[in-house]
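# structure of the sequence below:
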Amino acid sequence: MKRGKLRVLLGAAPGVGKTYEMLEEGRRLADDGRDVVIAVVETHDRAATAALVEGLTVVPRTTISHRGVELTDMDLERVLARHPAIALVDELAHTNAPGLPHHKRWQDVDALLDAGIDVITTVNVQHIESLGGVVEQITGVAQQETVPDAVVRAADQVEVIDLSPQSLRDRLSAGLVYPAERIDAALSNYFRLGNLTALRELALLWLADEVDSALKRYRAEHGIRGAWQARERVVVALTGGAEGETLLRRGARIAARSAGGELLAVHVSSQDGLRAGDPGALAAQRARVESLGGTYHQVVGDDVPRSLVEFARSVNATQLVIGVSRRGRLAAALTGPGIGATVIRESGDIDVHIVTHAAAGDRFRLPRITGGALSMKRRLLGFLLAIVGGPLLTWLLVSIRSDETITSDVLAYQLLVVLVSLVGGIWPAVFAAVMSGLTLNFFFVPPYYTVGIADPRNVWALLLYVVIAVLVSFIVDRAARAARAARRAEAEAELLATVAGSVLRGDSAVPALIARTRESIGLAGVRLVDADGSVLATDGEPVRDGRFDAVTVARRNGGPPATLELHGHVLDASERRLVDAVTAQLSAALEHTDLTAAARRAGLLAETDQVRSALLSAVSHDLRRPLAAAVAAVGGLRASGANLSPEDRAELIATADESLMTLSALVTDLLDVSRVQAGVLAVSLQAVDSAGVVLAALDELGAGPDRFELALDPELPSVEADPVLLQRVLVNVLANAARYTPAGSRVRVTTSRLGGTAEIRVVDHGSGVSPDRRDDMFTPFQRLGDTDNTAGLGLGLALSKGFTEGMGGTLAPEDTPGGGLTMVISLPVADPLHAEERPLS
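Alright, predicted model coming up:
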């Protein structure tokens with residue numbers, strides 16, 4: 001019997017519309033004449049979903065009695081007996097009631113497929129077995145019902161039912177997902193915007209990986225070797241050398257340029273184990289790859305280029321990153337093309353990036369002009385050419401020697417002298433000229449095998465060899481010096497461009513200039529010391545022998561100059577010119593740094609002045625009113641004396657008492673906010689029952705059930721907090737919520753737990769606060785336009801935020817569904833074994 005086909009509707013979270021889509025598809029297929037039945041569906045009392053069930057054949061559920069509870073579930077035997085063409089099975093990860101043939105619903109689905117029945121089913125991404133740990137990290141909720149990845153991957157079709165996170169929250173707020181009593185808890189816990197965004201990305205990435213696996217299978221089955229650039233895959237070749245970090249960073253940047261790009265690192269080791277990188281370095285690079293979100297692979301192969309290309313093709317790579325060869329030019333000339341050239345030739349349609357690195361040669365350094373224009377290496381090669389080439393040329397010419405060949409012999413030795421001059425310069429050329437003249441006299445001028453200079457023409461010939469050698473060497477030396485000067489000018493221009501760019505980058509300009517100067521001139525160390533002896537920037541080794549060159553760096557704003565200290569070798573004239581240019585740029589950078597610091601200080605002064613002005617404004621009004629009332633009441637008592645009636649006396653005393661209490665509270669808030677800003681307010685952390693503190697705060701406010709509605713979690717563990725400070729936070733937040741909640745509406749207070757964090761949510765349905773004004777809520781002396789003189793100094797939320805953060809928590813505003821503001825107090829769940837007292841910082 002032909003096995004049925006499985007279609008899976010995958011969702012990021014409950015409520016995205018999986019069941020709705022399944023039922024709609026079932027109705028469409030039924031309208032097309034297909035035999036469709038509902039094996040099991042969970043409508044969750046959603047009217048729109050339940051309406052789609054009408055008109056479809058529903059297989060009755062079976063009823064199981066378990067521990068006195070009647071449970072209903074899918075009746076597998078009835079569905080098999082009915083044998084429809086298509087069965088609709090909701091919630092693939094569901095655990096069946098005890099006593100049914102299978103433990104999990106996905107096993108029932110497998111039985112339906114074996115019977116030749118096509119199945120359309122639904123599942124959320126959090127129920128996929130391999131993603132359970134990731135989902136728990138995101139949501140703080142462990143999943144009990146899971147389905148093996150292999151079951152979903154074996155489906156003939158997997159379709160993501162996608163809905164934007166905000167749209168899902170809007171559906172939830174409108175009561176289309178959960179009943180009203182569950183909406184607030186759902187929005188504040190599992191259905192947070194960040195949670196939904198992460199779950200959505202997880203679902204899309206899982207499906208993308210599945211599509212990628214299907215693509216690999218298709219290419220393998222059809223023998224397709226070319227890269228299909230469906231997504232960017234960057235393979236980085238690692239050797240275990242120091243260049244690995246540079247290559248990985250470059251590969252990560254390339255992969256990050258496109259959405260969904262992948263980073264893969266590969267190391268090729270030989271079969272005999274003789275070509276192996278440093279194990280410690282490879283382990284560190286493997287950790288680095290994983291930290292960048294990539295994967296590490298190791299393959300065995302004696303042909304490194306071919307192994308790299310084959311691996312890149314096997315993973316359908318689009319880019320291959322390798323390091324430039326460490327071999328010198330002579331080694332490359334002797335051993336042929338390197339790995340890079342072979343990889344480029346074999347890569348085909350895979351882009352190859354050859355990245356330079358420090359191991360390929362010294363870091364950027366200006367060429368030195370002092371000394372000979374030709375390097376010692378070239379001079380040694382010149383001597384080697386003269387020593388080896390002379391005897392070889394002599395052997396060749398002696399073998400064909402005759403009286404008629406003397407002219408060609410002279411020209412051959414002259415060519416040898418010119419070649420040596422071109423390679424090694426003057427001294428190898430003079431050596432070759434003298435040896436050539438003597439060899440000609442010894443082997444080619446009769447009498448043979450003797451050296452005689454009786455004929456003045458022989459002396460003249462020898463001198464001509466030397467003159468030719470010197471002239472050619474002089475031209476070569478001039479050309480080498482000009483080339484080196486051009487390279488140095490180019491390097492200086494590059495350095496100065498880097499210097500200018502460093503200044504434009506701002507705060508990091510001074511350290512960048514110091515580091516680049518040291519690298520460019522090849523110094524052991526460079527540091528910039530301010531006039532007061534403080535080190536502004538340093539790079540390289542410290543001064544050990546006390547010897548260094550000092551260059552004054554003047555400040556353009558007239559401040560005390562700094563000193564640039566350079567050590568490692570004596571600077572030549574060109575290097576000093578370069579240091580002068582760097583010094584000018586350092587002056588500009590220091591000026592920029594000084595101006596930035598001055599602007600920062602001015603900003604702090606402006607903020608302080610603003611706070612001082614607000615404080616004076618508040619004190620002049622808010623403190624004067626209760627103080628004036630208290631003075632008037634006390635004055636009335638003193639002036640009237642015994643003439644006051646008992647009722648008038650009691651009223652004046654009550655007025656004075658109320659005014660002084662208000663004054664005391666305002667002064668206390670002023671002192672507390674100053675302590676918070678100074679970081680000297682002590683916080684005594686201990687395990688606190690949040691429900692008890694909520695009730696104490698409500699008692700302090702004298703609030704009753706007509707203004708506040710409580711939905712406190714009885715299973716919420718204690719939180720780590722200072723009970724006195726937490727009560728003050730709640731009093732401030734609750735008072736604000738009550739002040740802005742319209743008449744006839746109540747403030748809702750809920751508690752819940754999310755992982756290791758407990759939340760106290762104060763929900764009001766007032767006018768709310770626009771997102772662009774929410775930072776101002778926590779600024780001292782701000783009332784957001786409230787002109788009520790009884791509202792205090794505007795310190796309540798500033799103090800509440802400082803107290804909450806001092807206890808290791810957060811205080812954050814959120815929109816209330818339907819309008820209003822929700823203040824969320826988040827605190828860590830208490831560890832009963834630890835409590836501490838610490839200053840607020």
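# return the backbone torsion pair for the residue nearest the centre of the chain.
Geometric centre of the chain, nearest residue: Leu292, 8.0 Å, by CA atoms, centre = their mean. The phi/psi pair for Leu292 (degrees, to the nearest 10) reads phi -90, psi 0.
# show me what contacts it?
Leu292 makes contacts with Leu248, Ala252, Leu263, as judged by CB atoms under 8 Å, 6 or more residues apart in numbering. Backbone N, C-alpha and C define where each C-beta goes, glycine included.
# likewise Phe311?
Counting by CB under 8 Å, 6+ apart, Phe311 makes contact with Val235, Val266, Val268, His297, Val299, Ala317.
# what helix or strand is it located in?
Element membership for Phe311, per DSSP states H and E: helix 304-314.
# check which strands are paired with the helix or strand following that helix and give the direction for each one.
Following helix 304-314 in sequence order, the next helix or strand is strand 319-323 (DSSP H and E). Here strand 319-323 is paired, per DSSP bridges, with strand 233-238 (parallel), strand 351-355 (parallel).
# could you say which of those strands is packed most deeply?
strand 233-238 (a mean of 27; mean count of other CB atoms under 10 Å).
# between it and helix 304-314, how many degrees?
Calculated by axes from the mean of the first three to the mean of the last three CA atoms, to 10 degrees, strand 233-238 forms an angle of 160 degrees with helix 304-314.
# Ala185 versus Ser173, what's the distance?
Ser173 sits 13 Å away from Ala185, going by CB to CB, to the nearest Å.
# need the contact list for Phe474.
By CB under 8 Å, 6+ apart, the neighbours of Phe474 are Ile426.
# alpha carbons only: can I get the helix or strand hosting Leu797 in PDB?
For Leu797, the element it lies in under DSSP H and E is helix 796-806. Once non-C-alpha atoms are left out, helix 796-806 reads as follows in PDB (Å, rounded to 0.1, in the frame of the first residue of the first chain):
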ATOM      1  CA  GLY A 796       8.500  59.900  42.700                       C
ATOM      2  CA  LEU A 797       9.400  58.000  39.600                       C
ATOM      3  CA  ALA A 798      13.000  59.200  39.700                       C
ATOM      4  CA  LEU A 799      13.300  57.800  43.200                       C
ATOM      5  CA  SER A 800      11.400  54.600  42.300                       C
ATOM      6  CA  LYS A 801      13.700  53.900  39.300                       C
ATOM      7  CA  GLY A 802      16.800  54.500  41.400                       C
ATOM      8  CA  PHE A 803      15.600  52.300  44.300                       C
ATOM      9  CA  THR A 804      14.600  49.500  41.900                       C
ATOM     10  CA  GLU A 805      17.900  49.500  40.100                       C
ATOM     11  CA  GLY A 806      19.700  49.600  43.400                       C
END
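# can you map out the helices along the stretch 101-250 of the chain?
For the stretch 101-250 of the chain, the helices defined by DSSP state H, counting those that start in this stretch cover 105-114, 132-139, 149-153, 165-173, 180-188, 193-221, 244-256.
# mean pLDDT for those helices - can I get that in CSV?
Compiled in CSV, the helices of the stretch 101-250 of the chain are given as follows (pLDDT from 0 to 100):
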stretch, mean pLDDT
helix 105-114, 93
helix 132-139, 81
helix 149-153, 87
helix 165-173, 85
helix 180-188, 72
helix 193-221, 74
helix 244-256, 85
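# mind checking which of the ones you listed is nearest Thr356?
Closest to Thr356 of the helices of the stretch 101-250 of the chain, according to CB to CB: helix 244-256, at 8.4 Å.
# quick check: which of the helices of the stretch 101-250 of the chain is nearest to Ala798?
Nearest to Ala798 among those is helix 180-188 (24.1 Å), distances taken as CB to CB.
# of the contacts of Phe311, select the buried ones using a PyMOL command.
Selecting the buried subset of the contacts of Phe311 in PyMOL, with 16 or more other CB atoms under 10 Å as the burial test, is done by:
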select buried, resi 235+266+268+297+317
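# pick out the most distant pair among the contacts of Phe311.
The span of those, defined through CB to CB, is set by Val268 and Ala317 at 14.5 Å.
# on that earlier part again, restricting to C-alpha, output the helix holding Phe311 in PDB.
The C-alpha coordinates for helix 304-314 follow below in PDB (Å, rounded to 0.1, in the frame of the first residue of the first chain):
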ATOM      1  CA  VAL A 304      45.200  20.700   0.400                       C
ATOM      2  CA  PRO A 305      43.800  22.800  -2.500                       C
ATOM      3  CA  ARG A 306      41.700  20.000  -3.900                       C
ATOM      4  CA  SER A 307      40.400  19.100  -0.400                       C
ATOM      5  CA  LEU A 308      39.400  22.700   0.300                       C
ATOM      6  CA  VAL A 309      37.600  23.100  -3.000                       C
ATOM      7  CA  GLU A 310      35.800  19.700  -2.600                       C
ATOM      8  CA  PHE A 311      34.600  20.700   0.900                       C
ATOM      9  CA  ALA A 312      33.400  24.100  -0.300                       C
ATOM     10  CA  ARG A 313      31.400  22.400  -3.100                       C
ATOM     11  CA  SER A 314      30.000  19.800  -0.600                       C
END
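# next SSE after the host helix or strand of Glu647?
Glu647 is located in helix 646-678, with elements delineated by DSSP H and E. Helices and strands here follow DSSP H and E; after helix 646-678, the next one along the chain is strand 682-688.
# the inter-axis angle of that following strand versus helix 796-806?
Per the same axes, to 10 degrees, the angle that strand 682-688 makes with helix 796-806 is 70 degrees.
# for the helix or strand that comes right after strand 682-688, which helices and strands make contact with it?
Next helix or strand after strand 682-688 toward the C-terminus (DSSP H and E): helix 690-701. Judged by 3 or more CB pairs under 8 Å, 6 or more residues apart in numbering; DSSP states H and E, helix 690-701 is in contact with strand 719-721, helix 723-740, strand 747-754, strand 757-763.
# out of these, deepest packed?
The highest mean neighbour count among the helices and strands packed on helix 690-701, using mean count of other CB under 10 Å, belongs to strand 719-721: a mean of 27.
# give me every residue that touches Thr583.
Thr583 is in contact with Val551, Thr552, Val553, Leu564, counting by CB under 8 Å, 6+ apart.
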